[in-house]
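# starting from these lines, generate the structure:
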Amino acid sequence: MKQLILTALLFTTGTTFSQVLDSVNYSINGQQFTAFYAKPLNVSKKMKTVLIVHEWWGLNNYPKERALQIAKEGNIGFCIDMYGTGKVAVNPKDAQMLAMPFYKDPDFSYGRFMAGYNQALKIEGVDSSRMIAIGYCFGGSVVLNAAKKGAPVDAVVSFHGNLDGIPVDKSNLKAAILVCNGAADSFVSDESIREFKKQMTEAGADMTFIDYPDATHAFTNPHSTEVGKKFSMPISYNEAADQKSWVDFKKFMKSKVR
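Numbering: from 1, shown residues only. A predicted model of the protein is given here:
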C-alpha cells in the first residue's frame, strides 16, 4: 500500500526517486494515528524539518505531495495526522464534523499537534532545533494556535487558514509567523484580519502578513477548483498565488530557521 502511494505521488508531483515517502504509526489514548513523512534518500546529517497540518478533509494525498516537494528541496516534510488513521472526509458535512472539535477545544487541538511533533522527533535526520510548522485552511488555524500556545518550533506558516483562534499571550508566543492569505477569501473576514493583526502587534510578535490578489480560499491546492464546483463552495486554485506563496514560505523559512 505504501509503495502504491509513493508511486502515485511521484507521478503527480514530478519528483524523482531521490526522495523517500514513509509512514509511522502511533496511538493517543488508544486511538491509532498514521503520519507520513518524506526526506532525501541519503540522510547524512540533521536537517530542517517542516511539520505539515492538513486541511479539514484530513490527511489525504495533498499534504503528502507537499512533503515530497519539501524533501526534494533538501528538507524533511512530516505530515501530522490530526484525525486518526484513515479518517478522511469526502464531503463538506463530514469534514465539518471532523474539524469542529478542534475549533471548539484549542487544548485538544494542541495535544494532537504535539503528539505529531513528538513522533517527528523520532525520525532519522530531524533537527529539533530547526523546525517549522505549516498548515492549510484548517491546518493553518492549528499551527497558529500552536504558536500562541508556545509550541517548540522556530516558525509557523498559515496558508489560507482561519484567523479566529485563541487570544495571543505574548509570554507564550516564541515562533515567528507568516500568514499567506487569499485577498478574495470569503471565509476570512476583514474584521478577523484586523483583530488578528491588532493582537499580534500588541504582543510584539514577529509576524508577516501577505495578501495574494484574486486568491480565494484553498488557493494553493490544485484540486480545490474541482471540489469547489462539486460542492458549490467558493474555493479555487490560483497558480500564481500558489507559486508566489511557496516562494515567500521558502524565503521566510531561510530567514527564520537557520
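
# go through the chain and flag its longest helix.
Using DSSP state H, we find that the single longest helix of the chain is helix 239-256.

# export that helix as CSV, just CAs?
Taking C-alpha atoms only, helix 239-256 is exported to CSV below (Å, rounded to 0.1, in the frame of the first residue of the first chain):
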residue,chain,number,x,y,z
GLU,A,239,-1.5,29.1,-9.7
ALA,A,240,0.2,32.5,-9.4
ALA,A,241,-0.7,32.8,-5.7
ASP,A,242,0.3,29.2,-5.0
GLN,A,243,3.7,29.6,-6.6
LYS,A,244,4.3,33.1,-5.0
SER,A,245,3.3,31.9,-1.6
TRP,A,246,5.6,28.9,-1.8
VAL,A,247,8.5,31.2,-2.7
ASP,A,248,7.5,33.5,0.2
PHE,A,249,7.4,30.5,2.5
LYS,A,250,10.9,29.4,1.5
LYS,A,251,12.4,32.8,2.0
PHE,A,252,10.7,33.1,5.4
MET,A,253,12.0,29.6,6.4
LYS,A,254,15.5,30.5,5.3
SER,A,255,15.5,33.7,7.3
LYS,A,256,13.9,32.3,10.5
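
# packing partners for it?
strand 126-136, strand 155-159, strand 176-182, strand 207-212 (3 or more C-beta pairs under 8 Å, 6 or more residues apart in numbering; DSSP states H and E). Every residue, glycine included, has its C-beta placed from N, CA and C.

# quick one: buried residues of the last one?
So that's strand 207-212. By neighbour count on 16 or more other C-beta atoms under 10 Å, the buried set for strand 207-212 is 207, 208, 212.

# next: the second one.
Of the residues in strand 155-159, 155, 156, 157, 158, 159 count as buried by neighbour count, 16+ other C-beta under 10 Å.

# tell me the angle of it relative to strand 126-136?
Put simply, strand 155-159 runs at 20 degrees to strand 126-136, going by axes from the mean of the first three to the mean of the last three C-alpha atoms, to 10 degrees.

# name the residues that touch strand 155-159?
The contact list for strand 155-159 (C-beta atoms under 8 Å, 6 or more residues apart in numbering) reads 132-137, 139-141, 143-144, 146-147, 175-181, 220, 245, 249, 252-253, 256-257.

# give me the mean pLDDT for it.
Strand 155-159 shows a mean pLDDT of 98 in the predicted model.

# again with stretch 123-139
Stretch 123-139 comes out at a mean pLDDT of 96.

# one more: stretch 240-257?
If you average the pLDDT over stretch 240-257, you get 97.

# so what touches it?
Applying C-beta under 8 Å, 6+ apart, the contact partners of stretch 240-257 are 48, 50, 73, 130-132, 134, 154-155, 157, 159, 176, 178, 180, 182, 206, 208, 210, 212-215, 219-220, 222.

# buried set for that stretch?
Those would be 241, 242, 244, 245, 246, 248, 249, 252, 253, 256, 257, for stretch 240-257 by 16+ other C-beta under 10 Å.

# what's the PyMOL line that selects buried ones from the contacts of strand 155-159?
Entered in PyMOL, the line below selects the buried ones among those, by 16+ other C-beta under 10 Å:
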select buried, resi 132+133+134+135+136+137+139+140+141+143+144+146+147+175+176+177+178+179+180+181+220+245+249+252+253+256+257
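
# re the thing from before, could I get the helices and strands packed on helix 239-256 as JSON lines with distance to residue 28?
What follows is the helices and strands packed on helix 239-256, written out as JSON lines (distance: least, C-beta to C-beta, whole Å):
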{"stretch": "strand 126-136", "distance to residue 28": "18"}
{"stretch": "strand 155-159", "distance to residue 28": "22"}
{"stretch": "strand 176-182", "distance to residue 28": "26"}
{"stretch": "strand 207-212", "distance to residue 28": "31"}
